[in-house]
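Undergrad: coordinates only, sequence not included:
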């Protein structure tokens, strides 16, 4: 940020009176331009038949991480709820019709000033298709998931948490709901991971 | 937003190619200025002795809702996790030492493009004191809570969800943990409520 978005004068990085951290402040009109973390919302659409569960993943057609696999997700927009954002992103990227479940994971990615959240979701049919930000959309069983070609650490963490909890519940014969999971991401997926 | 923060030229509100909603786009350098919801993080610090539970509330010294009561909370900053933000806000507004528990509530406030989140928290001592954004800090039992003088609907919803769940668990003799609650706020606390 170099210029004030209200009056076009130069901004300077300074700690405003009564504050305790540097902000971009306009040298002319005094407007303080706060910058805050962004939310990335997505879903984990599953299709389960005869005891076999598969998860829907999208192959990214855009940078960062072009060609790598992700759960459908993207930046939450003004004017929508977290749940609405997750449904919208799933429609846009995977053309998928889902019934949204509960929030499953919240992952802090401090390094890029983002908080990622993924909802459980049930795929209502198999009429999915790649949107313009996806090269491909496919269903994967746990064994089929391309673990080495996942786009972001938040995707890996969410899938790992999900399959670990599912295994625990199956072993215990539990019919409990899935819980809510918090996790902090401390490192990049790859050295070239920009998000 | 009137001017580009990168080159100071005028921005125009238009739907960029490949997008589906209006954005502020620079008429000179083409930078797209996205605007996204902000996160407000806070805690619900409780002090429990001899079966009596009290919640820490702060009386606001700033607008909006000056003089009304709130749980300690504020905008999440870049460079911190959601949990760190909740602890920081509790220290800043209430001077309180807490042990942070699990995330208890997430409340979508679409009207003001915010998502509010509150963590469970245990007060470690009674050495709390109002910070510069608070006029007063006090402990309240459920019966003492100033329900008519709460600052925001997200505070009311979080307290109501908490006491309802506590009552259910006590009635059932349950020792379960508190769950995670999602809630959408559809209306303002008061007609003069700006946040």
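TA: Received it, and whenever you're ready, just let me know what you need. Nothing here was measured: the structure is a model prediction, and the numbers come from that model.
Undergrad: just the buried positions in the host helix or strand of residue A:163, please.
TA: Using DSSP states H and E, residue A:163 falls within helix A:153-172. Under the neighbour-count criterion of 16 or more other C-beta atoms under 10 Å in any protein chain shown, helix A:153-172 has A:153-162, A:165 buried. All C-beta spots, glycine's among them, are computed from the backbone N, C-alpha and C.
Undergrad: repeat that for stretch A:110-124.
TA: The neighbour-count check on stretch A:110-124 (16+ other C-beta under 10 Å) flags A:110, A:112-121, A:123 as buried.
Undergrad: which elements pack onto the following helix or strand past the helix holding residue A:163?
TA: The first helix or strand that comes after helix A:153-172 along the chain, using DSSP H and E, is strand A:181-184. When contacts are defined as 3 or more C-beta pairs under 8 Å, 6 or more residues apart in numbering or on different chains; DSSP states H and E, strand A:181-184 packs onto strand A:98-109, helix A:153-172.
Undergrad: the first one to strand B:98-109, inter-axis angle?
TA: Interaxial angle of strand A:98-109 relative to strand B:98-109 (axes from the mean of the first three to the mean of the last three C-alpha atoms, to 10 degrees): 140 degrees.
Undergrad: who's in contact with strand A:98-109?
TA: For strand A:98-109, the surrounding residues in contact (C-beta atoms under 8 Å, 6 or more residues apart in numbering or on different chains) are A:43-45, A:82-83, A:86-87, A:90, A:115-124, A:153-154, A:157-158, A:161-162, A:177-178, A:180-185, B:81-83, B:103, B:106, B:180, B:182.
Undergrad: name the SS class of residue A:24, please.
TA: Three-state assignment for residue A:24 (DSSP: H, G, I helix; E, B strand; the rest coil): strand.
Undergrad: could you tell me which residues make contact with the residue in chain A sticking out farthest from the centre?
TA: Within chain A, the residue lying farthest from the chain centre (C-alpha atoms, centre = their mean) is residue A:28, at 38.0 Å. Each residue near residue A:28 by C-beta under 8 Å, 6+ apart is listed here: A:4, A:7, A:9-10.
Undergrad: got the residues of chain A near chain B?
TA: Taking C-beta under 8 Å from any C-beta of the partner chain as the test, the list of chain A residues beside chain B reads A:1-8, A:11, A:18, A:21, A:33-39, A:75-83, A:102-103, A:106, A:108, A:110, A:113, A:115, A:132, A:179-180, A:182, A:184.
Undergrad: okay, and which of the residues you listed map to helices?
TA: A:82-83 (DSSP state H).
Undergrad: narrow the residues of chain A next to chain B to those that are buried.
TA: Among the residues of chain A next to chain B, those classed as buried by 16+ other C-beta under 10 Å are A:3-6, A:8, A:11, A:36-39, A:76-77, A:80-83, A:103, A:106, A:108, A:110, A:113, A:115, A:180, A:182.
Undergrad: contacting residues around residue A:44?
TA: Per C-beta under 8 Å, 6+ apart, neighbours of residue A:44: A:55-56, A:71, A:104, A:118-121, A:158-159, A:162.
Undergrad: host element of it?
TA: Using DSSP H and E, residue A:44 sits within strand A:38-49.
Undergrad: residues in contact with the helix or strand following that strand?
TA: Next helix or strand after strand A:38-49 toward the C-terminus (DSSP H and E): strand A:52-60. Contacts to strand A:52-60, defined as C-beta under 8 Å, 6+ apart, come from residues A:44-48, A:66-72, A:93-94, A:96, A:123, A:128, A:130, A:133-142, A:144-146, A:151, A:159, A:162, A:166.
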